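> Predicted model follows, preceded by the sequence.
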Amino acid sequence: MKTRTRFAPSPTGYMHIGNLRTALYEYLIAKSTGGDFILRIEDTDQKRYVEGATDIIFQTLKRVGMLWDEGPDIGGNFGPYVQSERKPIYAEYAHKLVELGGAYYCFCAHKDEEDEVENNPAHTKLKDPCKLIPLEEAKKRIANGESFVVRQNINKKGTSIFHDVVYGDIEIDYDELDEGVLLKSDGLPTYNFANVIDDHLMHISHVVRGNEYISSTPKYNLIYEAFGWEPPVYVHVPPVMKDAQHKLSKRNGDASFQDLVAKGYLPEAILNYIALLGWNPGDEREIFSLKELEQVFSSERLNKSPAIFDIAKLTWMNGCYIRSLSPEEFDAVAQPYYANITIPINKKALSSALQPRIETLGEIAEQIDFLQAVPDYDLALYENKKMKTTPEVAEKALKIVLPILSEVTDWSNDNLFEVLKAAAVANEMKNGQVLYPVRIALSGKETTPGGATELAVILGKDETLNRIKAAIQKLA
RNA sequence: GGUCCCAUCGUCUAAUGGUUAGGACAUCACCCUUUCACGGUGGCAAUAUGGGUUCGAAUCCCGUUGGGAUCACCA
């Protein structure tokens, strides 16, 4: 049988990291075995629906290359793929389940009085008086227009056992199970019902979801059983944590996928990093493209315990991805960050200076803030013990270097370096005594993306000469 | 609280009864070096705890502690 997995998010806002990781595992389970990855939108809670959230889901998945084989936008053989469009299907199966004895009609809940519902002891399992209403009478009341919900009927005794790929065999007593609402009074199903119906109808073979669903899984199995359906393979995954106590969640303002991208993390790096949060390949390799993950993924190597999201490691990994980009690719992703620079500079040279120096694209702004204009700086900057320079040495060096540079025609890094080195030798100075002051004169900063000659290439001859002249004046 | 689940360096993890408990990030030191990086070398650092079982336990069993989840007309 073909492996079929589904990613079934609720359109409630941004795509958070835990969600994306679940989608990744679903995608990988399908693709590592030549199966299908299905996208389904679970929008049965109209109160939580957020406009535009579905587009974010589409865009995020596309951005990381996790393309779906069936979904709301492209259709498929088991549509529709949006739950709100499947309302009649759920109603049909809900009534069928009542006939089969797996559920019953309940009239005592009133959605306008939520507090009352929550505290209503009548809803304690097996004590709901509605369970005792004869089916014929219940149908009459419904026909009369009375508001109702369909509630799961759980009469089984003993212990339920099911197997999970990650957690192994899990036993839960049927007594622990609540007779939850399956079909709400608005006619829409709850997750507890919709996921079972859809997963079956869409031929889902492997259900991957957060481990918070472990304790309700026996309830779903009861529904499969009542219909005479085969339950799927269960793969419950532990949560992604913010720290030891708290789950990563958008609600707490934790970074979402789009937040990370906005901070200059590459989608490929984010995906690679989260793949390793709760899974490992069995060897010591850490860098994987999505395609490579498809090759080596195995659900048996999924971890049981929660993993804390470590931005430091992601940052390191992002640096690896940045460095592995070709110069052209890096230049392309860096361009938007150069938008504030209006003076003519050598952007290619800037990109190659930046590429080995940054771990996230967001660091670019700080690295290049001196390009547009030299910031106001203290002359003490020319004081450097290791380079053996002082403001006086700097003034001398810059005055030596200015006429020499004016004559240079080959404005390449290598040539500039040779020229400046020769100037140092000719004046019995150390390399650093010449190069360091030039770098400060060009940048006004202690640390820069590149040395004196690299900055000179980036700025170009005219701007370089101008900045050295300005520095000489400042030193005088 | 009932029930279920989890527990190896600070973090992500490897080791499916026998390893000096391995790797990566972070951190520290050194090297490289026209600053800062990149890169290279090395250091520090873990089996929560108490009992079993076994010739031998991170690994199997029980208790303890700690943490998480669940008990909605949310998913």
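Right, received. Where do you want to start?
> What's the first helix or strand after the strand or helix carrying A:Gln433?
Assigned by DSSP states H and E, A:Gln433 belongs to helix A:431-443. Going down the chain from helix A:431-443, the next helix or strand is helix A:452-459, by DSSP H and E.
> and after that next one, which helix or strand comes next?
Later in the chain than helix A:452-459, the nearest helix or strand by DSSP H and E is helix A:461-475.
> So which other helices or strands are in contact with that following helix?
Using 3 or more CB pairs under 8 Å, 6 or more residues apart in numbering; DSSP states H and E as the contact definition, the elements that helix A:461-475 packs against are helix A:391-407, helix A:431-443, helix A:452-459. The C-beta positions use only the backbone N, C-alpha and C, and glycine is treated the same way.
> what sits against A:Lys140?
Taking CB atoms under 8 Å, 6 or more residues apart in numbering as the criterion, A:Lys140 is in contact with no other residue.
> Model confidence at A:Lys250, what's the number?
At A:Lys250, the pLDDT value in this model is 71.
> residues touching it, list them.
By CB under 8 Å, 6+ apart, the contact set of A:Lys250 is A:Gly13, A:Tyr14, A:His16, A:Ser256.
> With adjacent residues omitted, what lies nearest to it?
In this structure, A:Lys250 finds its nearest non-sequential neighbour in A:His16, 4.7 Å apart by CB to CB, 6 or more residues apart in numbering.
> Give me the pLDDT value at the one you found.
Per-residue pLDDT puts A:His16 at 90.
> again with A:Arg285
In this model, A:Arg285 is scored at 93, pLDDT.
> Run a quick neighbour tally on it.
By the measure other CB atoms under 10 Å, the count of residues near A:Arg285 is 11.
> And the one 10 residues further on, by the same measure?
Residues lying near A:Gln295 (other CB under 10 Å) number 12.
> ok, it to RNA strand B distance?
According to CB to the nearest atom of the strand, to the nearest Å, A:Gln295 stands 18 Å off from RNA strand B.
> likewise A:Ala476?
Distance, A:Ala476 to RNA strand B, by CB to the nearest atom of the strand: 24 Å.
> Kindly report the same for A:Asp178.
Distance, A:Asp178 to RNA strand B, using CB to the nearest atom of the strand: 5 Å.
> Let me know the secondary structure of that residue.
coil (DSSP: H, G, I helix; E, B strand; the rest coil).
> any idea how far it is from A:Asn192?
10 Å (CB to CB, to the nearest Å).
> Would you enumerate the residues in contact with the closest residue to A:Val374 other than its chain neighbours?
The shortest distance from A:Val374 to any residue other than its chain neighbours is 4.2 Å, reached at A:Gly444 (CB to CB, 6+ apart). With contact taken as CB under 8 Å, 6+ apart, A:Gly444 is in contact with A:Phe370, A:Val374, A:Pro375, A:Asp376, A:Tyr377, A:Leu381.
> helices and strands of chain A: which one bottoms out on pLDDT?
helix A:114-119 (a mean of 43; mean pLDDT, DSSP states H and E).
> Which SSE is immediately downstream of it?
Secondary structure here is assigned by DSSP H and E; on that basis, the next helix or strand after helix A:114-119 toward the C-terminus is helix A:135-143.
> Which parts of that following helix count as buried, going by neighbours?
A:Ala138 (16 or more other CB atoms under 10 Å).
> and what of stretch A:155-163?
By neighbour count, with 16+ other CB under 10 Å as the criterion, the buried positions of stretch A:155-163 are A:Ser160, A:Phe162.
> Span of it from start to end?
According to CA to CA, to the nearest Å, stretch A:155-163 extends 22 Å from its N-terminal end residue to its C-terminal end residue.
> Likewise for stretch A:450-464?
14 Å.
> Quickly check: that stretch near RNA strand B or not.
Yes. Shown here: stretch A:450-464 in contact with RNA strand B (CB under 7 Å from any atom of the strand) through A:Gly450, A:Gly451, A:Ala452, A:Thr453, A:Glu454.
> Around A:Phe78, count how many other residues there are.
The tally of other residues near A:Phe78 (other CB under 10 Å) stands at 16.
> Same question for A:Pro306.
The criterion is other CB under 10 Å. On that basis, A:Pro306 has 16 neighbouring residues.
> Looks to me like A:His163 is in a strand.
Yes. When classified by three-state DSSP, A:His163 is found to be part of a strand.
> residues in contact with A:Val181?
Taking CB under 8 Å, 6+ apart as the definition of contact, the neighbours of A:Val181 are A:Cys106, A:Ala109, A:Val149, A:Val150, A:Arg151, A:Gln152, A:Thr190, A:Asn192.
> Just to be sure, which of the residues you listed are found in strands?
Secondary structure assignment (DSSP state E) places A:Cys106, A:Val149, A:Val150, A:Arg151, A:Gln152 from the contacts of A:Val181 within strands.
> could these go into TSV alongside neighbour count?
TSV is the format used below for the ones in strands among the contacts of A:Val181 (neighbours: other CB atoms under 10 Å):
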residue	neighbour count
A:Cys106	24
A:Val149	25
A:Val150	25
A:Arg151	24
A:Gln152	24
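> can I get those residues in CSV with distance to A:Leu266 and pLDDT?
Compiled in CSV, these are given as follows (distance: CB to CB, whole Å; pLDDT from 0 to 100):
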residue, distance to A:Leu266, pLDDT
A:Cys106, 51, 91
A:Val149, 47, 92
A:Val150, 47, 94
A:Arg151, 48, 94
A:Gln152, 45, 94
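> List, one by one, the residues from the stretch 151-300 of chain A near RNA strand B.
Where the stretch 151-300 of chain A comes near RNA strand B, counting by CB under 7 Å from any atom of the strand, the residues are A:167-168, A:170-173, A:176, A:178, A:180-181, A:184-186, A:188, A:190-192, A:211-216, A:239, A:241, A:244-245, A:247, A:276-278, A:280, A:282, A:284, A:286.
> In PyMOL, how would I select just the buried ones from those?
Buried residues within those, by 16+ other CB under 10 Å, are selected in PyMOL with:
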select buried, chain A and resi 167+170+172+180+181+184+185+188+190+191+192+211+213+214+216+239+241+247+276+277+278
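> Among the residues of the stretch 151-300 of chain A next to RNA strand B, which ones are in strands?
Using DSSP E, the subset of these located in strands is A:Gly168, A:Ile170, A:Glu171, A:Ile172, A:Asp173, A:Val181, A:Met241.
> In this model A:Ala307 seems to touch the last one, though I could be wrong.
Read it as A:Met241. Yes. Under the contact definition of CB atoms under 8 Å, A:Met241 touches A:Ala307, with a separation of 6.5 Å.
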